[in-house]
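Novice: Turn this into a model:
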Amino acid sequence: MPAKLVDHLWDKIIERDDLARRILREKIAAVHQLEDVIRAQEGEEVTRVVMRNGLIEHALKRCLENLEGSPTVTEQDFWVFYDYATYVAKHAEKL
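Specialist: Numbers count the residues shown, from 1 in each chain. Below you'll find the model as predicted:
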């Protein structure tokens, strides 16, 4: 498995600054890498189950949209997406 998704950098996302935007981009790329590893080892169905049909990536992208000034993704949305991505990413790492 690639490096853990939820690490010391993950917590810096909540600072909602330039570093948070960079970390979000890196974590989105890491999600893709993890999906590729799981897909190669376990197949498409397991990948969908572990990665929740792409919802980890979706939540991280919505967080990034908010930090980039999207008028449609509010700060409240950011916190919901961040909490969801954190919970599901930790669960995926356990699996």
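
Novice: host element of Arg62?
Specialist: Assigned by DSSP states H and E, Arg62 falls within helix 55-67.

Novice: tell me the mean pLDDT for that helix?
Specialist: Helix 55-67 shows a mean pLDDT of 97.

Novice: likewise stretch 81-90?
Specialist: Stretch 81-90 comes out at a mean pLDDT of 96.

Novice: so how far is the helix or strand hosting Glu45 off the chain centroid?
Specialist: Element membership for Glu45, per DSSP H and E: helix 44-50. Helix 44-50 has its C-alpha centroid displaced from the chain centroid by 16 Å (CA atoms, centre = their mean, to the nearest Å).

Novice: Check stretch 21-41 too.
Specialist: Centroid separation for stretch 21-41 versus its chain: 8 Å, with CA atoms, centre = their mean.
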